[in-house]
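> Just a sequence and a predicted model for now, questions to come.
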Amino acid sequence: MPTPSLATPYRTHTCGELRADDAGSNAKLAGWVHRRRDYGKLIFIDLRDRHGITQVVIDAADAPEAHATASALRSEFVVAFEGEVATRQPGTENAKLATGAVELQARDVTILNESKTPPFYVNDPEATIDESLRLRYRYLDIRRDAMQRRLLLRSRLVQAIREVHHDNGFVEVETPNLIKSTPEGARDFIVPSRLQPGTVYALPQSPQQLKQLLMVAGIDRYFQIARCFRDEDLRGDRQPEFTQLDLEMSFVDEAAVMAFIERMIIEVSRATSPARPIRAVPFPVFKYDEAMERYGSDKPDIRFAMELFDLAPALTGADGAPASGFRVFDETLASGGRVKAIVAPGLAGVTRREIDELTERAKRFGAKGLVHLAVQDGGELHGPIAKFLAPETQSAIRERTGASDGDLVLVVADTADVTNDVLGRLRVELGGRLGLADQAELAYCWVHRFPMYKWDEEHRRWDATHNPFSGVVPEDEVLLTTTSGDLDDRSPGDPAGTARAMQYDVALNGWELGGGSVRIWDPQLLARSFNLQGYSLDQMKERFGAMLEAFEYGAPPHGGIALGIDRWAALLSDQTNIREVMAFPKTQSGSDLMLEAPSVPDEEQYQELGLRFVGVPERR
């Protein structure tokens, strides 16, 4: 497809378009003053737009009026030039610019708009700028090359997503942003209704019910670049409003959905970031239990090893009883806990201060403590507890972990959940500190067979681990019951607690990129699952009435996924915070520093909605 012309009355070319072949022709350029260099009779302007930079030279001898106008130019002025394209003098070419072989010798200069002195340097990519200042003047921040490149990558990402889905028979359908509040794991943002006082809409956490209703409606392949909203505490990969690729497919099983999603991800990745290699195709697939055992995470970063090792076989005797000689290990194993380790390569010589920092970090993650064992030359283990470990136990630990001379073995003894979580987080931190991951790689992987439910002791019910519509692995369907047989008499020992969901997550470089499932499409099974989750029949109808009723009119087997566009763009552009790939994000406290939102409404707005502010309890 030929490149479209971007010519306008103000320009014949963009600032990234002119080449040596254009020398001798007339051209118009328009953009922002990136840099200005005044040598008296000669003024050089680096002119910038989103396509690139072109050098413009104004010579007082050839164009005195233009030179006089150019003398007033300053950084970030908006200006238009007209003149002749010329090749640069030998030795003055700029190989860093695509336009570096030419310059525009301007005969006419028009100042389209002046600029105040910016609050930070737009033209300095190395400048350290406080993020609050960047967000306050986001329109200036977006002029910077790094931000523009990230937003352009995001645009390519969304374009590639749309192309792949259209090529595979999907229909793009928009769903509403004013819906009914439903429980989907986070707080809803609510919008009061003026026309029906005392009632509210909710902004969608996702189009979950709507996408399933589209399957009932016969739209057998749906997708949408959907805006979603969640009122939750923010972090690097979370914003109150975000964008996701939402898709659903009919007449599919788990394997069919995962197969399409994997093909789509590969095509989109290669179209968006062709220089970045995908680590493994097909993607590695881990069951949830395996991922937690090996990596301590259900979103493992598989670009490096440093896996978790179960030390129980090295710490027990022939009769299977704990026999390490170290009381904490033995008591933990005797009580049904876990003793596991990771190996930090080459860190045997860390200082006491560094060990203390790691220990404090482990405690903040939830551990009671952190044991360290340095492997010295010859294989001897050194550390505070080494004296309690017999030579054969030390040897078994080295063999179990594969630790070599110069390595550091870090051990946590606690419950299974705490041990895996703490070591998994230490693994990620040390992997980054040691530079073990290839930053260019895109390491996608699947994690599936999640637990269907988790026990909520306070409400005495089984909560869905992901969303309440996830289907159950067919052979586990018989487990969707209670010990008593009464779905209203629930307890932590119910068979339902061992059921596995047809839930699958795709992870990328240690981030959860997205999650989905094959859904419960049988209305009786869906009602049973809702019952286990503590919903009465009336509550089910009140919260999910449209879906339950729709399923009575014939629902096909269906499943889908939602992938975070913001997270995907951040990972493809090597960012650790999704704010860096969003045009106008919120701060950690949910504030828009540029628009000064949220703000106090006018009294008239309150009155029109029949509302008044009575205060809220102070957050602890």
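Okay, I see it.

> Tell me which helix or strand comes right after the helix or strand containing Gln212.
According to DSSP states H and E, Gln212 maps onto helix 208-216. Under the assignment DSSP H and E, the closest C-terminal helix or strand after helix 208-216 is strand 221-229.

> Which elements pack onto that following strand?
Under the contact definition 3 or more Cβ pairs under 8 Å, 6 or more residues apart in numbering; DSSP states H and E, strand 221-229 sits against helix 145-167, strand 171-172, helix 208-216, strand 241-250. To be clear about C-beta, it is placed using only N, CA and C from the backbone, and glycine gets the same treatment.

> would you turn those into TSV with distance to Ala413, mean neighbour count and mean pLDDT?
Below are the helices and strands packed on strand 221-229 laid out as TSV (distance: least, Cβ to Cβ, whole Å; neighbours: other Cβ atoms under 10 Å; pLDDT from 0 to 100):
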stretch	distance to Ala413	mean neighbour count	mean pLDDT
helix 145-167	43	16	98
strand 171-172	52	12	98
helix 208-216	40	22	96
strand 241-250	38	23	97
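
> one step back: other residues contacting the helix holding Gln212?
The contact list for helix 208-216 (Cβ atoms under 8 Å, 6 or more residues apart in numbering) reads 173, 175-176, 179, 182, 184, 204, 222, 224, 246-248, 250, 467, 469, 519, 521, 544, 546-547, 550-551, 553-556, 558, 560.

> What of stretch 49-66?
Contacts of stretch 49-66 (Cβ under 8 Å, 6+ apart): 6, 14-18, 29-32, 34, 40-47, 67, 70, 81, 83, 88, 94, 97-100, 102-109, 148, 152.

> for the record, mean pLDDT for that stretch?
The pLDDT scores in stretch 49-66 average 97.

> returning to what we had before: got the helices and strands packed on strand 221-229 as TSV, with distance to Asp505 columns?
Formatted as TSV, the helices and strands packed on strand 221-229 follow (distance: least, Cβ to Cβ, whole Å):
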stretch	distance to Asp505
helix 145-167	18
strand 171-172	24
helix 208-216	16
strand 241-250	13
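
> Leu572 is nearest to which of those?
Closest to Leu572 of those is helix 145-167 (Cβ to Cβ; 6.1 Å).

> Who are the packing partners of that closest one?
strand 171-172, strand 221-229, helix 254-272, helix 565-572.

> neighbouring contacts of the helix or strand following the shortest one?
Along the chain past strand 171-172, the next helix or strand (assigned with DSSP H and E) turns out to be strand 190-192. Among residues not part of strand 190-192, those counted as contacts by Cβ under 8 Å, 6+ apart are Leu178, Ser181, Thr199, Val200, Tyr201, Ala202, Leu203, Leu609, Gly610, Leu611.

> The first one contacts Val200, correct?
No. Under the criterion of Cβ atoms under 8 Å, Leu178 makes no contact with Val200, lying 9.5 Å away.

> Looking at these two, which one has more neighbours?
Comparing Leu178 with Val200 by other Cβ atoms under 10 Å, the one with more neighbours is Val200, at 15 against 11.

> What sits closest to that one if chain neighbours are left out?
Excluding the flanking residues, the one nearest Val200 by Cβ to Cβ, 6 or more residues apart in numbering is Ile190, at 4.3 Å.

> So which elements touch the lowest-mean-pLDDT helix or strand in the chain?
The helix or strand of the chain with the poorest confidence is helix 537-551; it has a mean of 85 (mean pLDDT, DSSP states H and E). Counting contacts by 3+ Cβ pairs under 8 Å, 6+ apart, helix 537-551 packs against helix 208-216, helix 523-532.

> Output those helices in TSV, with distance to Ala275 appended to each entry.
Below are the helices and strands packed on helix 537-551 laid out as TSV (distance: least, Cβ to Cβ, whole Å):
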stretch	distance to Ala275
helix 208-216	34
helix 523-532	45
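
> which one of these lies closest to Pro274?
helix 208-216 (30.8 Å).

> Can you show me the CA trace of the closest one as PDB?
Extracted C-alpha coordinates of helix 208-216, given in PDB (Å, rounded to 0.1, in the frame of the first residue of the first chain):
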ATOM      1  CA  GLN A 208     -18.300 -10.000  30.900                       C
ATOM      2  CA  GLN A 209     -22.100 -10.600  30.900                       C
ATOM      3  CA  LEU A 210     -22.600  -8.600  27.700                       C
ATOM      4  CA  LYS A 211     -20.100 -10.700  25.800                       C
ATOM      5  CA  GLN A 212     -21.800 -13.900  26.900                       C
ATOM      6  CA  LEU A 213     -25.200 -12.400  26.000                       C
ATOM      7  CA  LEU A 214     -23.700 -11.800  22.500                       C
ATOM      8  CA  MET A 215     -22.900 -15.500  22.300                       C
ATOM      9  CA  VAL A 216     -26.600 -16.300  23.100                       C
END
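
> Give me the neighbour count for Ala280.
Count around Ala280 with other Cβ under 10 Å applied: 13.

> the strands in the stretch 401-550 of the chain, which residues?
In the stretch 401-550 of the chain, the strands defined using DSSP state E, counting those that start in this stretch lie at 408-414, 444-448, 453-456, 461-464, 503-508, 511-518.
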